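1. Provided below for reference: sequence and predicted model.
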There are 2 protein chains.
Amino acid sequence: MQHVGPLALRPQHETDEGMIALAQKVFAAETKDEDTRDEVSLFDVADDCPILNQELSQHLHQDDNIEKRRKMISRAREVLLDDKPAYLEVPDFQRVAIVGDFAIGVTMDDFELACKGLYRALSIREKYMRLGLQRFPHTVSQYLCDIEGRPWKVEDQVHPVFTSPPKQGEDPFETKSLPENLNYVARMRDGVVRVYKDAAAADKNEPIDLPAPDLDTFVDDMNFLIALIAQGPTKTYTHRRLKFLMSKFNVHEMLNEMEELKELKNNPHRDFYNTRKVDTHIHAAACMNQKHLLRFIKKSYRVDADRVVHKLQGKEVTMKQLFETLKMHPYDLTVDSLDVHAGRQTFQRFDKFNAKYNPVGASELRDLYLKTENHIDGEYFATIIKEVAGDLEDARYQYAEPRLSIYGCNANEWTKLSSWFNKHRVFSPNLKWMIQVPRIYDVFRARSFVPHYGKMLENIFLPVIEATINPHANPELSVFLKHVTAFDSVDDESKHSGHMFSSKSPKPEEWDIAKNPSYTYYIYYMYANIAYINQLRKQRGMNTFQFRPHCGEAGAVTHLLACFMTADNISHGLNLKKSPVLQYLYFLSQLPIAMSPLSNNSLFLEYNKNPLPEFLKKGLMISLSTDDPMQFHYTKEPLMEEYAIAAQVFKLSTCDMCEIARNSVLQSGLSVEEKTHFLGPNFLQEGPEGNDIRKTNVAQIRMAYRFETLTYELNLIKECLKGD
Amino acid sequence: MQHVGPLALRPQHETDEGMIALAQKVFAAETKDEDTRDEVSLFDVADDCPILNQELSQHLHQDDNIEKRRKMISRAREVLLDDKPAYLEVPDFQRVAIVGDFAIGVTMDDFELACKGLYRALSIREKYMRLGLQRFPHTVSQYLCDIEGRPWKVEDQVHPVFTSPPKQGEDPFETKSLPENLNYVARMRDGVVRVYKDAAAADKNEPIDLPAPDLDTFVDDMNFLIALIAQGPTKTYTHRRLKFLMSKFNVHEMLNEMEELKELKNNPHRDFYNTRKVDTHIHAAACMNQKHLLRFIKKSYRVDADRVVHKLQGKEVTMKQLFETLKMHPYDLTVDSLDVHAGRQTFQRFDKFNAKYNPVGASELRDLYLKTENHIDGEYFATIIKEVAGDLEDARYQYAEPRLSIYGCNANEWTKLSSWFNKHRVFSPNLKWMIQVPRIYDVFRARSFVPHYGKMLENIFLPVIEATINPHANPELSVFLKHVTAFDSVDDESKHSGHMFSSKSPKPEEWDIAKNPSYTYYIYYMYANIAYINQLRKQRGMNTFQFRPHCGEAGAVTHLLACFMTADNISHGLNLKKSPVLQYLYFLSQLPIAMSPLSNNSLFLEYNKNPLPEFLKKGLMISLSTDDPMQFHYTKEPLMEEYAIAAQVFKLSTCDMCEIARNSVLQSGLSVEEKTHFLGPNFLQEGPEGNDIRKTNVAQIRMAYRFETLTYELNLIKECLKGD
């Protein structure tokens, strides 16, 4: 790590050799365990777990430091019971207070061990969020400072930077305001972009002074976290806290549901329908529903049958000829023959699911209608997306963040994609753009498209840092990047490579074997590049990028650990069910999770087994998203369908739904101006003060409950560690 | 019974005194048991049921007529295995054949007992359907004839008559074509309308010659059925058959799912979106969604604020004044303050649910916007319904059958309702009308609105028979009745009266006590009146009415028994879960069930516990309906929302969904012309020959599976009884 700002002041945690060994053991065990899902996993706690029983018996045998316990309790009682801020605008409600020994059932030693681990884990996430210019709740930062005895300063807060919406009459594609050329030189070094004053400095590897993550520290931090999530006392402690959070919410709901509803009823002119909601996870290539795509294909044929639209074995063909070679006529096409909808056949079969992207099973039609690069320069795809955007603009309160692919297969991809974006002027005030990078190095390597993994990273990130250094060299790309808010990492998580990421792992330039790198390896290098690029962009007054990978949809629990360290927010997160430590950490750090239960229902997890309602009750920061309307949804309003089904099956209240909608805006790439407009001017505040019920329709009672619940849990850690 | 046509030829079943006693015992036990739902009920079979075990042990001990069994098996084998018709248009598929002892696990005596009972039950339903001019599958009729050794004649088939849609340029409100006055006299006699040649004949009680049900026979039949559904061997037998039907479908699905899908994919121009679907159960007063109602209220205020719209304590008030007395301004209204949506608070609370019909909790607004009778003659309600109809017309493939109330509180209701219908010209090709009658005699009696229950029946049915005798006397009513297709009986089924319907029950004119009659009592008298009216209407070439009550949403299992005898089709049917005998009978007679899982989810049964997918697999004839979009749905297309959620949560295939849609058209009140257009010209045929895949998008393989599965079960009964 080169620069860490105020973090340098923090006590450096000693690197523990034993911890690395443990981490390796844990990792090996987990990879092996993959097929024996029924056993209680390394990270999970069953309700009749032997660990728990053992600790309970210890507790019963009073094998504990009673004096220490008594002291801590009497010291902390005041804080835990009286720490209820007097908000200006929260109506009275019934609070759930726990009186007495708040750490009952856990020995003092275990309690301390768990709290130390959790504290360190939060510090680690804070560090990487800061480095990557991503978000971390300042409430949590304040507690960390408090524990360390340092003052917290408002200036220490870090926020991503998003491009403001164009003002009246302003052209979102204009290039004049792009910053000047810095004349720096960019190079890839060990898989991460670096910027140098000039070629000479580059040759000497003397990069300019920018904060950047350091691989060895990252691996140390990761090993610490792997050990933590498998640590018995911490597992038990977090498991108990999560159970408590669940029960506490149930009590809160029972006591205050009607009061929350009253707030909403008295809130004029705002209801669930006209609160803003963002589809936080949606792939551009499947952002229309199946009926829309069908209609578009038929319409295009009526208009363009004689237009040359495709090259078939080197020969130009018209749309009519293309359909003739496919032996079909668009007039006869139906949703069934289109066959892009996921059905029962796709459950637990991600491979079959991917094939569903081909209309009528024909990759030619995918090329023609759902690609940015084809014989008609992606015109149809651009038109479809603009139609989707038009529907959102008409619906007024819905926004989406479609994800477009950059593969890293060759160096021109960015130029082509941004040329498509500019040529067809694919802009809508209701859309924010994201870039998704598929983890398919092994496919490219097998076809010799790339010599090693480092080349992929170079193809993905070098054009971005070069456009950051000299925006005018590729103005189309620079304009497009202004509207890109985040990067995503995508693929079937249930595949896994078996490689364990460590400081001894081959560097990306050395990774020339056929095998795909591991999830964590991919994640680290994407994060490291984005973080570095963000630092330069922020310095230049340009917008920055969030890292918002797919994570925890399937596969190993360690994916969720890698993203706890690196991601601003994640998509899916189902596997948090399997690790109470990680689930509790995601709660404490309010790490946003874009969940898509309808997608899960077709692929990995049946609807009514989805952990969404449980996560919501515990207070994790979840939002609802569609993932792929083309494949999963039936109606004309996929995001509303997603909310409606969740409301029905999980029996969500209006307040629940509006809270989810508010979460979706918060975690999105909408600009400060837009968030201010949609959530109120204080949206950066946490707790009820950050909520404007007139705009969000979330009850202040709910906000207060959430905030007080979070600070109660943070207080427990603080009070425990303060005694040290 | 006065006339039974060919039924008179059938052997008359002896009335069994013991049976009545048993029926009373069963009824008493069931009413008492209401609160102990966990126990295995009288009608149910638990998987580890003692009856089953006992029979199994009998079977193991060979306590059976082995010779008889062997004979029957060898005789029936051929029929059961080879009875596969060679259809013209069904692709090859894999059939599930059971080879060997098809009655294994049941003793011959029990098998015979069960088959006799089921045969007689089907004969009973056939008789009452015929009398009421309602539907009964001719396939089943053919088997019944076969068992009795009589030939089946196509002329014996009975069909309800529905008014054809107006032809080009024809006015649906025209009165010229109404039939002439018959100059008959109509009277209520023992709760049922009767028609007499003249007043003298009426005074002598010599009605004209029309078939009509007979109370004593009905009670005998009912007692037989009550005994049957509690009979051990029949319970066991039907329980086993239903389990078999379930497993058989699962095997069919596994083997043929892809083949069915192939049929659909190869079916040009038709998919789930453009197959016709009917919302078979929807209340007019809640047929718009909450957002629609909200928008309408706001719009009406913008236009009509100064219009006199209401009478408040005798004083006329403008809309502005009305809202002022309610202390609200429509501008501030939201979906939350409107508060018409069912939430968690309504679960198991039908009382709270009913209050949700009042916008903002104000009955004044319900009067103004959701009633046909008010100061503005129901203008707003008519406009809202026409807007809903407009949406359906735009969506093109969706139809609805809204239900309007007739209370029986006074004799003018029909005139007022039909005047509303004609005045506002509430007609749409996408709507068919139904009349719902709430079972609230007790409420009217308590307020002295009616002296006895007979008066209610008179208020409901006398105007209808009078309009049938002399249509020109009340042309508006006669026009309205042309567009009415069915009657419904509605209320909270979980309330119950404790009265057991018998030949000793007070006649309706004698029912002047405060207590409400029982469900069965209500059902019988509605059925008897509708059946009689239908006979006269059919004779006159007028349209007839189906009886389509709410049934089995909650309450006693006997409700489902009453409707098995009387209803063309029912709404809900959830409680069929509790009686294998009735469930099997509903299957055998293909008695249609309009299910509304979203409504159930808010009131009586959680979504994923709904029996819909189980019923569908077993082959019961189910459709999907919304019940009350205002209270349960979120999106602009409530019926699509209903289908989409069912598809997602129950993992329905496209073929399943199209089968449900086809069922909905079949069981609806759409005319022969419309059904021919939507389902194909042979829709009255049963099995694959009745299906036109080009219109319905239901695979012929599925149709063949359903038909062969039904005939297999009917063959079992036939083969068993033939040996006698």
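-> Ah, there it is. Residues are numbered from 1 along each chain as shown, chains lettered A, B, ... in the order given.
2. and for the closest residue to A:Ser494 other than its chain neighbours, the neighbour number?
-> Once flanking residues are discounted, A:Ser494 sits nearest to A:Ala554: 3.9 Å by C-beta to C-beta, 6 or more residues apart in numbering or on different chains. For the C-beta atoms, the positions are set from N, CA and C on the backbone; glycine is no exception. Burial measure for A:Ala554: 20 neighbouring residues, criterion other C-beta atoms under 10 Å in any protein chain shown.
3. and the one 4 residues further on, by the same measure?
-> When counting by other C-beta under 10 Å, one arrives at 28 neighbours for A:Thr558.
4. thinking again about what came up before, now do the SS call for the residue nearest to A:Ser494.
-> coil (DSSP: H, G, I helix; E, B strand; the rest coil).
5. show me where chain A has strands.
-> A:185-189, A:192-196, A:277-283, A:308-312, A:315-318, A:398-405, A:433-438, A:484-490, A:546-547, A:550-551, A:570-572, A:593-595, A:622-624 (DSSP state E).
6. is stretch A:633-648 in proximity to chain B?
-> Yes. Among the residues of stretch A:633-648, A:633-637, A:640-641, A:643-645, A:647-648 lie within reach of chain B under C-beta under 8 Å from any C-beta of the partner chain.
7. okay, that stretch in PDB with CA atoms only?
-> Extracted C-alpha coordinates of stretch A:633-648, given in PDB (Å, rounded to 0.1, in the frame of the first residue of the first chain):
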ATOM      1  CA  HIS A 633     -40.600 -11.700 -16.400                       C
ATOM      2  CA  TYR A 634     -44.000 -11.800 -18.000                       C
ATOM      3  CA  THR A 635     -45.500  -8.400 -17.700                       C
ATOM      4  CA  LYS A 636     -44.800  -5.000 -19.300                       C
ATOM      5  CA  GLU A 637     -43.300  -3.600 -16.100                       C
ATOM      6  CA  PRO A 638     -40.700  -6.100 -15.000                       C
ATOM      7  CA  LEU A 639     -39.500  -4.100 -12.000                       C
ATOM      8  CA  MET A 640     -43.000  -3.700 -10.700                       C
ATOM      9  CA  GLU A 641     -43.600  -7.400 -11.300                       C
ATOM     10  CA  GLU A 642     -40.500  -8.100  -9.200                       C
ATOM     11  CA  TYR A 643     -41.800  -5.900  -6.400                       C
ATOM     12  CA  ALA A 644     -45.300  -7.200  -6.700                       C
ATOM     13  CA  ILE A 645     -44.300 -10.900  -6.400                       C
ATOM     14  CA  ALA A 646     -42.000 -10.200  -3.500                       C
ATOM     15  CA  ALA A 647     -44.700  -8.200  -1.800                       C
ATOM     16  CA  GLN A 648     -47.200 -11.000  -2.300                       C
END
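8. and that stretch, how far out from the chain middle?
-> 21 Å (C-alpha atoms, centre = their mean, to the nearest Å).
9. picking up where we left off before, wait, isn't the residue nearest to A:Ser494 in contact with A:Lys578?
-> No. Under the criterion of C-beta atoms under 8 Å, A:Ala554 makes no contact with A:Lys578, lying 10.9 Å away.
10. residue contacts, A:Ser164?
-> A:671-673 (C-beta atoms under 8 Å, 6 or more residues apart in numbering or on different chains).
11. over to it: give its phi and psi.
-> Main-chain torsions, A:Ser164, degrees, to the nearest 10: phi -70, psi 150.
12. quick one: name the residues of the stretch 201-350 of chain A near chain B.
-> A:257, A:261, A:264-274, A:291, A:294, A:331-337, A:339, A:343-344, A:347.
13. 7 Å instead, please
-> A:264-265, A:267-273, A:291, A:331-332, A:334-337, A:339, A:343-344 (C-beta under 7 Å from any C-beta of the partner chain).
14. show the buried residues in those residues.
-> Buried by 16 or more other C-beta atoms under 10 Å in any protein chain shown: A:264-265, A:267, A:270-273, A:291, A:334-337, A:339, A:343, out of these.
15. pLDDT wise, what is A:Arg69 at?
-> pLDDT recorded at A:Arg69 is 76.
16. again, but for A:Glu659
-> So, for A:Glu659, pLDDT stands at 98.
17. mind listing what it touches?
-> A:698, A:702 (C-beta atoms under 7 Å, 6 or more residues apart in numbering or on different chains).
18. and what of A:Thr234?
-> Per C-beta under 7 Å, 6+ apart, neighbours of A:Thr234: A:113-114, A:117, A:228, A:581.
19. if we use 8 Å, what do you get?
-> A:113-114, A:117-118, A:228, A:581.
20. export those as JSON lines, with columns for neighbour count.
-> Converted to JSON lines, those look like this (neighbours: other C-beta atoms under 10 Å in any protein chain shown):
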{"residue": "A:Leu113", "neighbour count": "19"}
{"residue": "A:Ala114", "neighbour count": "28"}
{"residue": "A:Gly117", "neighbour count": "23"}
{"residue": "A:Leu118", "neighbour count": "25"}
{"residue": "A:Leu228", "neighbour count": "25"}
{"residue": "A:Val581", "neighbour count": "30"}
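21. restricted to helices, list those.
-> Among the contacts of A:Thr234, the ones falling in helices (DSSP state H) are A:113-114, A:117-118, A:228, A:581.
22. pLDDT score for the residue nearest the centre of chain A?
-> The structure's chain A has its C-alpha centroid closest to A:Ile570; by C-alpha atoms, centre = their mean the separation is 1.9 Å. pLDDT for A:Ile570: 98.
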